[in-house]
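Undergrad: quick one: sequence and predicted model below, then my questions.
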Amino acid sequence: MPLNFAYGSNMDAAAMARRCPGARALGRAFLPRHRFDLMPDGFATIVRDPAAMVAGVLWELGFGDLAALDRYEGVAQGAYLKISQPILREGASPIRALVYIGAPGKSLGRAPADYMRQIVVAARAQGLSSDYVDYLRRVGGEDVPEAPTKFRAIKNLSFL
């Protein structure tokens, strides 16, 4: 079964149940050497950053779910690209998973006004740390104090 690392709107369990009925959340996970960002149209993406780490949720998908997620992410239209990356899991060994990243110069249209709020709500519901949730809020334009440096630096690269 394919694995997917979700860091944006796909962290929302109810939304994933609608899009991918066979999906099963495996828990919190982390993508090293990347940071959460927004594309010009307001949708979530990740960018390479050797000093950062993205928090999210690891999902196990059925093959039909993978096709549905590709449609949702606009893979055929070139809006998002699907790549395989090493993911760090809480309490388990690292594993490779599919990650959707925004394609440069492509767009799904303008993100809904409450898009980042939905991501923040999903991050809280999935149990991501309050410091990381505050970081997401700040990326979304809220006036939130600076996130601690622990989300900017990987302390121990030996486990990657």
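TA: That came in fine, so what should we check first?
Undergrad: quick check: buried residues in the helix or strand hosting Tyr72?
TA: In this assignment (DSSP states H and E), Tyr72 forms part of helix 63-73. With burial defined by 16 or more other Cβ atoms under 10 Å, the residues of helix 63-73 counted as buried are Asp65, Leu66, Ala68, Leu69, Tyr72, Glu73. All C-beta spots, glycine's among them, are computed from the backbone N, C-alpha and C.
Undergrad: ok, the closest residue to the last one other than its chain neighbours - contacts?
TA: By that I understand Glu73. Take Glu73 and drop its neighbours on the chain: the residue closest to it by Cβ to Cβ, 6 or more residues apart in numbering is Tyr80, 4.1 Å away. Going by Cβ atoms under 8 Å, 6 or more residues apart in numbering, Tyr80 touches Thr45, Glu73, Gly74, Tyr100, Ile101, Gly102, Ala103, Lys106, Leu108.
Undergrad: ok so, going back, output the helix holding Tyr72 as CSV, restricted to C-alpha atoms.
TA: In CSV, the C-alpha atoms belonging to helix 63-73 read as follows (Å, rounded to 0.1, in the frame of the first residue of the first chain):
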residue,chain,number,x,y,z
PHE,A,63,-4.4,2.4,-4.9
GLY,A,64,-7.8,3.9,-5.7
ASP,A,65,-7.2,6.5,-3.0
LEU,A,66,-3.9,7.4,-4.6
ALA,A,67,-5.7,8.1,-7.9
ALA,A,68,-8.3,10.2,-6.0
LEU,A,69,-5.5,12.1,-4.2
ASP,A,70,-3.7,12.7,-7.6
ARG,A,71,-7.0,14.2,-8.9
TYR,A,72,-7.4,16.4,-5.8
GLU,A,73,-3.9,17.7,-6.0
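Undergrad: packing partners for that helix?
TA: Contacts defined by 3 or more Cβ pairs under 8 Å, 6 or more residues apart in numbering; DSSP states H and E place helix 63-73 against helix 13-19, strand 80-89, strand 95-102.
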